[in-house]
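Chemist: The following comprises the amino acid sequence and a computationally predicted model.
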Amino acid sequence: MIRIIFLLSPVFISIFWAITLAGDKKNHSIPRAYLAKFMLFPLICFGAHFMYFAPLLDVYPYFDILLQIAGSLIFPVFYIYFRLLTVDNKFSIKVHKWYLIVPVIVPIIYSIFVIFTPKIEYRSWLYNATAFPDATSIYMLGILRKLLYIQFLVFIIASYIGSYLLLKKHGAKAEQYYSDINDGSTNNAKMLSYTILFSCAASFVAAVVGRYFIMTQESIIYAIWSIFAATIYFIGYMGLKQKPVNPTFDLEEIPLQIEELAITQFNQNIIHQKILELFEDDKVYLNNQLNIMDVANAVGTNRTYVSVVINMFYNQNFCSFVNTYRIAELEGVLRQNPKSSYELLMLSCGFGSVNSMKRSVSLKTGMSITEWRKQLQ
């Protein structure tokens, strides 16, 4: 009974997050909507693993091919999730197809050989690697299974390295899905990196040990499946925490849409002038709770027009525009009072927290705030 509970825990967690993340579409970010679909992959994989290790001898053979395909895709698909958090603003088959096509080549070949292998031989081999050693089809399936393991290990390593490098270089963009320019936490992206590390490590161990050995070792199932369940739960929880909009990617209302919006040149200039008055005369950016709706209401227009005008005149999104003024204010304060504490600088320049100030400086200058501060001095 305990074995069954551990085997099913990742299955139920995957179902829970697939449903939860898919709901409440008004609060969806693009990565969150993608993550809801991603949960189908661990659902398939661990559902098939449950049938194998339960064992359900008459049922599992029908799901073996599906397991090999989903297992080959799960880490490349998860890597795409990190790309959506950092460098890609939406999922596109045209852009991401090579991450998906390559992993299924070996599983497809494996599937072809399964189809042409006699059922009795195939079913026996699934639970006994030495069954029918003289059968050509079984021999080929054995080679392909080894290739699948090698491919799986390669994708584990490649996905982790790729995700780590993305977060190392673009972690601030990923963080924007969890904390906007007013929020303080900067640990979410790092925690995601640790999560994929644990997940990769557990998958690597399971692949190296092999399922024939795992079948007889209750302790390994308890340990590895506990890690799988915990990591899937945490990945889903991090997706639930995401904000519906990432300000870094808030470039949807581009100048090409102006004709559709029926905004005239005269109105553009009026809106632009009012925005300048708010920022240069009234210094609204010193309000650490400022958002685009506040500016739109003060100008007397809507957030789309504000976004379009800022994008047209400054080639920036709203958050980047606000941070330009805050960092300019920060530079002025530092030049006058170079020994000011971070807390005082944060309060003086409109940042919501010290961490959001550090992150904004890093995004704008490409340097840490310590390096930038030394350069100013």
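Modeler: Nice, thanks for sending it over. Since the model is a prediction, treat every value here as computed from it, not as a measurement.

Chemist: by contact count, what packs against the longest helix anywhere in the chain?
Modeler: Ranked by residue count, the top helix of the chain under DSSP state H comes out as helix 136-175. Applying 3 or more Cβ pairs under 8 Å, 6 or more residues apart in numbering; DSSP states H and E, one finds that helix 136-175 contacts helix 64-86, helix 105-115, helix 119-127, helix 188-209, helix 354-365. Where you see a C-beta, it was placed from the backbone N, CA and C, and this is true even at glycine.

Chemist: Going toward the C-terminus from the helix or strand of the chain with the lowest mean pLDDT, what's the next helix or strand?
Modeler: Least confident element among the helices and strands of the chain, by mean pLDDT, DSSP states H and E: helix 258-261 (a mean of 45). Downstream of helix 258-261, the next assigned helix or strand under DSSP states H and E is helix 265-276.

Chemist: and the closest residue to Pro133 other than its chain neighbours, how many residues sit next to it?
Modeler: Distances taken as Cβ to Cβ, 6 or more residues apart in numbering put Tyr139 closest to Pro133, at 7.6 Å, once the chain neighbours are dropped. Look at Tyr139: counted by other Cβ atoms under 10 Å, it has 13 neighbours.

Chemist: Tell me how far Ala296 lies from Ser356.
Modeler: Plainly put, Ala296 is 22 Å away from Ser356 if you go by Cβ to Cβ, to the nearest Å.

Chemist: same question, Leu7
Modeler: According to Cβ to Cβ, Leu7 stands 43 Å off from Ser356.

Chemist: ok, now Val106?
Modeler: Distance of Val106 to Ser356, computed by Cβ to Cβ: 46 Å.

Chemist: show me the contacts for Ser124.
Modeler: Each residue near Ser124 by Cβ atoms under 8 Å, 6 or more residues apart in numbering is listed here: 131-132.

Chemist: Check the secondary structure at Thr117 for me.
Modeler: When classified by DSSP: H, G, I helix; E, B strand; the rest coil, Thr117 comes out as coil.

Chemist: Quick check: it vs Gly210, distance?
Modeler: Computed with Cβ to Cβ, the distance linking Thr117 and Gly210 is 20 Å.

Chemist: ok, now Ser320?
Modeler: The span separating Ser320 from Gly210 equals 51 Å under the rule Cβ to Cβ.

Chemist: Which of the two has more residues huddled nearby?
Modeler: A count of neighbours by other Cβ under 10 Å puts Ser320 above the other of Ser320 and Gly210, at 20 against 12.

Chemist: So for Val106 and Ser356, which residue has more residues nearby?
Modeler: For the pair Val106 and Ser356, the greater number of neighbours falls to Ser356 (23 against 19), based on other Cβ under 10 Å.

Chemist: any idea which residue of the chain is furthest from its center?
Modeler: What lies farthest from the middle of the chain is Asp134; by Cα atoms, centre = their mean that is 46.3 Å.

Chemist: For that residue, give me the pLDDT.
Modeler: pLDDT, Asp134: 83.

Chemist: Ok, the one 3 residues further on next?
Modeler: Turning to Ser137, the model gives it a pLDDT of 87.

Chemist: One more: the one 4 residues further on?
Modeler: We note a pLDDT of 90 for Leu141 in this prediction.

Chemist: could you measure it against Ala207, distance?
Modeler: In this view, Leu141 and Ala207 are 17 Å apart by Cβ to Cβ.

Chemist: This completes my enquiry, with thanks.
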